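Trainee: sequence plus the predicted model coming up.
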Amino acid sequence: MATVSPAIESHSDDHSHGNDHGHGHQQSFFYTYLWSTDHKMIGKQFLITTMIMMMVGGALALAVRWQLAFPWQNMPVLGPVFKLFLGEGGQISPEFYTMLFTMHASVMIFLVIIPILAGAFGNFLIPLQIGADDMAFPVLNALSYWFMWPAIACFGTSFFVGGATAGPAGGWTSYPLLSALQEAAPGSGAAQTFWLMGLTLVGVSSMMGSVNYMTTIINMRAPGMTLFRMPLTIWSMFITAILQAFALPVLTAAGFMLLTDRIMGTCFFVPAGIVVNNAAPTIGGGQPLLWQHLFWFYSHPAVYIMLLPAMGMVSDMLSCMSRKPVFGYKPMVYSMAAIAGLGFIVWGHHMFTSGMNPALGMTFMTSTMMIALPSAIKTFNWIGTIWGGNVKFNSVMLNCSGFVAMFIVGGLSGIFMAAVPVDIYFHDTYFIVAHFHYVLFGSTLFGVFAGITFWFPKMFGRLMNDTVAKWHFALTFIGFNGTFFPMHLLGISGMPRRYADPYLHPYLEHLLPMNQFITCSAILMGFAQFLLLGNFLYSMYRGEKCGRNPWGANGLEWSAPSPPGHGNFDVPPVCYRGPYEYSSPEAGALNQDFILQTEVPPDMSKIATAETAATA
Amino acid sequence: MKKFWALFFFFWPAVAFWSCWIARSRGWWFPASEDNPLGLAMSPLGQQIDGLFYLILGIVAVVFVGTQFALGYALWMSATKEDSKPAHYSHGSHSLELIWTIVPAFVLVFIALYQMNVWAEFRVQSYFPNETKEDGPKLEVTARQFEWRMRYPAPGQVLSNQPQAGDLYAVNEMHVQTGRPVKFNLRTGDVQHAFFAPQLRVKQDAVAGLIIPVWLEVPKAGKYDLVCAELCGWGHYKMRATIVAEPKEKVEEYLRNLEQEQNFDGVAPAAAEE
């Protein structure tokens, strides 16, 4: 990654420390920026890679939106490019459209959301917040980043390998038989194979990360950092890592099964006698429902993998920006654990209409309703955290409040789909699209935006521009709600997902103006992200310099230099209290509204006597 | 500026609520038509589903307004108080945690249990309406890229899973009797599809290797949409078909015509007389 990190400057400030390690600032460009085993650099590598991928995924989404607002019309910008390089018309063809939404989802889920939470923030924050000098396995950590690139290469190849209009087109869920039989669709050929290999490599990367996170959190906490003094970010990363470690092997196995089905004709998922596009009948013996079970057994927990870390980070930031302890710390931890546990037994709610045994539908409905409970508890606790606080209305706080507001919508719309009979109607309509964008974008990405702004000073020693960040928040929030809230109504109107041209059906014709409004909102939201990127890049070099603890926060990471040098802490941290003691009497005794976890407890009795003496 | 941001979080849920409120009058609601301007479900089971939907909508609307208001109010309190006043130092409240655990738990369990019957009626075969058990499946619907194929049993025969001589075939038009539950077998000829009749609130995936019994009941004669709701390839969007609901005699007449058409060999009767 060709990014310049002020880490080097910090070493020059921090000579005593650099000398301890000797090799700290003498490493070559290659070992500093590319094959770095420093968790902070790997975190930044993940962050910048995922931000680039976010723009790619966003561009794909805008192309999808273009087709839905102006069906079969020449695409602006991209249209002429395709015409020039691929000899294709500027229109989006139906098979190109299926590729667009498939790759939008694949890029956003596997190359943005999962790696930005666990990869970027997990890497950067875990050692800093628990007071460790690095991850338990630094080389494994570097590998987990570098396995992303073959994955990106595989996904990238899948765009072109089958021809310009034959990208992977099975949807991100890749249900067989569409994904298992090469003849099923233009995109079911080589493109699908590369897609599956990309998926597997992302899985390898995540697995290496999660093993590392679990080991680090269990073994490398600073003295005094008991489990219940860990920030909720760390709890969320820990629980996510466990989820990842237990669920991911199932997807990897399923992916290999699908690959062998495609390449060697094993027929794990292919029943007998199916004729697709006049190809020879299949030999069979398998069942496509098996894939759905295996896929969702991973991918439902994956939804929480894509959400829990954001929940943890938002809890940290809300508490800091409200200058108040997190409301109900232990209930927050227990509800995250409950979400993770229940997350393993709700996968069937993606399959209510799939034809599985209907008794399973009832079982999964009940467990799914139950998982709404810990989510509700967390929401109430976030509001309780803000309540009566001394809120700092900066962009971090706004994004966090946005997270809570959007999570409420995403959670509540989920209840409709958890109810099986109602899901009969809503399954695979735009209601679902609205729901999961409220959870994955509305919640997770607003949490991520807040997280980037909040920990940017620790990453680069400079602050991001708050005014620009507020504009970014406002425009994204307006664009986001303009895009996704009306999608609930499209869903109620019965508009199915993944239609290249819904207006072919008379009962959907009147929805065109609403889709055009949605597309305009989506364009606003997409372009607003340049504010984030611009602010990020500008602030890296020109942002206001800051000290160790610009927000007046409590976590161990704020006791380290900004940015921390190699080995993170100049003084080995000792943890004396929980991470959320804002506005506590102890803090008051120090005449501030925060008290670092490393702060030696002030002698309260002396202060009390001094105070009484003063009043007397 | 603080007050602006607090109001911002009051303002957007109000807009969201308002847009749902006016949605039906603007046609952004369940699919409506000239003879069904309110977009009501056109099947008895569909009406039960709509009833459940409105129940959840009511609960959700109350929770939405309540929580968004609480969030906005928490921000507003902070925006209007003096900066020098310290934050309220509290780690939470055990009784509040209990309340907001137990109350939602009851509501959620109630919602879950309350839904079971409708689901059982729709999908569990032993709970299917008695008529469907007496009649057996009336036809077989086979989805394939990118059309719907109907197979009615040969006149006087019962439907068999293997095609029989004399079976009647049609494409993209499904005729069902009004006023009586009609069961049919759903299958796919190639990849996965889903049978989705929006006005009837019926949806069921067609899965390779499975024959899935589905039933629907249409009290009112008319034409209803049938579309595909599971990604099945590039032409997913164009799997457009019609469900024609009509009285029993009309269905029989349609099948007679279908039989004649199918058995027509092009030899004109007049030529035979000569």
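Mentor: Here it is on my side, so go on. Numbers count the residues shown, from 1 in each chain, chains lettered A, B, ... in the order given.
Trainee: next one: phi and psi at B:S33?
Mentor: phi -150, psi -180 (degrees, to the nearest 10).
Trainee: OK, contacts around it?
Mentor: Residues in contact with B:S33 (Cβ atoms under 8 Å, 6 or more residues apart in numbering or on different chains) are A:507, B:199. All C-beta spots, glycine's among them, are computed from the backbone N, C-alpha and C.
Trainee: right, and A:G355 touches B:Q204 too?
Mentor: Yes: proximity of A:G355 to B:Q204 meets the contact threshold set by Cβ atoms under 8 Å, at 6.9 Å.
Trainee: anything in contact with each of the two?
Mentor: B:I212.
Trainee: of the two, who's got more company?
Mentor: Legend: neighbour count by other Cβ atoms under 10 Å in any protein chain shown for A:G355 and B:Q204, higher for B:Q204 (26 against 23).
Trainee: partners of the host helix or strand of the more buried one, with directions?
Mentor: B:Q204 is part of strand B:202-206, with elements assigned from DSSP states H and E. Counting by DSSP bridges, the strands paired with strand B:202-206 are strand B:193-197 (antiparallel).
Trainee: other residues contacting the strand it pairs with?
Mentor: Contacts to strand B:193-197, defined as Cβ under 8 Å, 6+ apart, come from residues A:353, A:427-428, A:496, B:141, B:143-144, B:186, B:202-206, B:214, B:216, B:224-230, B:232, B:239, B:243.
Trainee: list the buried residues for that strand?
Mentor: Of the residues in strand B:193-197, B:193-197 count as buried by neighbour count, 16 or more other Cβ atoms under 10 Å in any protein chain shown.
Trainee: out of the contacts of strand B:193-197, which are inside strands?
Mentor: Of the positions in those, B:141, B:143-144, B:186, B:202-206, B:214, B:216, B:224-228, B:243 sit in strands, assigned by DSSP state E.
Trainee: what sits closest to B:V15 if chain neighbours are left out?
Mentor: Excluding the flanking residues, the one nearest B:V15 by Cβ to Cβ, 6 or more residues apart in numbering or on different chains is A:N481, at 7.8 Å.
Trainee: now A:A253: phi and psi?
Mentor: The phi/psi pair for A:A253 (degrees, to the nearest 10) reads phi -60, psi -50.
Trainee: how much space is there between the residue nearest to the spatial centre of chain A and A:F46?
Mentor: Nearest to the mean C-alpha position of chain A, counting by Cα atoms, centre = their mean, stands A:I113 at 2.8 Å. Going from A:I113 to A:F46 by Cβ to Cβ, to the nearest Å gives 12 Å.
Trainee: and what about the residue in the stretch 101-250 of chain B that chain A sits nearest to, helix, strand or coil?
Mentor: Ranked by Cβ to the nearest Cβ, the top residue of the stretch 101-250 of chain B for proximity to chain A is B:G209, at 3.0 Å. Secondary structure for B:G209, judged by DSSP: H, G, I helix; E, B strand; the rest coil, is coil.
Trainee: pLDDT at residue 235, what is it?
Mentor: All of this is about chain A. A:W235 is assigned 97 on the pLDDT scale.
Trainee: look at chain B instead
Mentor: 93.
Trainee: list phi and psi for the residue nearest to it when sequence neighbours are not counted.
Mentor: In this structure, B:G235 finds its nearest non-sequential neighbour in B:F146, 3.6 Å apart by Cβ to Cβ, 6+ apart. B:F146 has phi and psi values of phi -130, psi 70 when expressed as degrees, to the nearest 10.
Trainee: A:P309 versus B:F146, what's the distance?
Mentor: 41 Å.
Trainee: pick out whichever of these two has more residues nearby.
Mentor: The neighbour comparison of B:F146 against A:P309 (other Cβ under 10 Å) goes to A:P309, with 33 against 18.
Trainee: surely the more buried one touches A:A120?
Mentor: No: using Cβ under 8 Å, A:P309 makes no contact with A:A120, being 9.8 Å away.
Trainee: just to revisit the earlier point, remind me which helix or strand the residue nearest to B:V15 belongs to.
Mentor: Assigned by DSSP H and E, A:N481 belongs to helix A:466-492.
Trainee: ok, then the element right after whichever strand or helix holds A:G312?
Mentor: Using DSSP H and E, A:G312 maps to helix A:308-322. Of the helices and strands lying after helix A:308-322 in sequence (DSSP H and E), the nearest is helix A:329-343.
Trainee: can I see the domain layout of the chain?
Mentor: Reading this off chain A. Annotated domains of chain A cover A:1-35+A:547-616, A:37-64+A:72-223+A:233-278 [automatic domain parsing].
Trainee: that was the other one, I meant chain B.
Mentor: Domain ranges of chain B: B:2-80+B:97-126, B:136-264, per automatic domain parsing.
Trainee: buried deepest among the ones you listed, which one?
Mentor: Mean neighbour count (mean count of other Cβ atoms under 10 Å in any protein chain shown) peaks for domain B:136-264 among the domains of chain B, with a mean of 19.
Trainee: look at the closest residue to A:A222 other than its chain neighbours and say how many residues are nearby.
Mentor: Excluding its sequence neighbours, the residue lying closest to A:A222 (Cβ to Cβ, 6+ apart) is A:G131, at 2.7 Å. Using other Cβ under 10 Å, A:G131 is surrounded by 25 other residues.
Trainee: equivalent analysis for the one 10 residues further on, please.
Mentor: Each residue near A:N141 was counted by other Cβ under 10 Å, and the total is 28.
Trainee: what pLDDT does it get?
Mentor: 94.
Trainee: repeat that for A:L294.
Mentor: For A:L294, the pLDDT comes out at 96.
Trainee: before we move on, what about the one 4 residues further on?
Mentor: We note a pLDDT of 94 for A:Y298 in this prediction.
Trainee: try B:H94
Mentor: Listed pLDDT for B:H94 reads 93.
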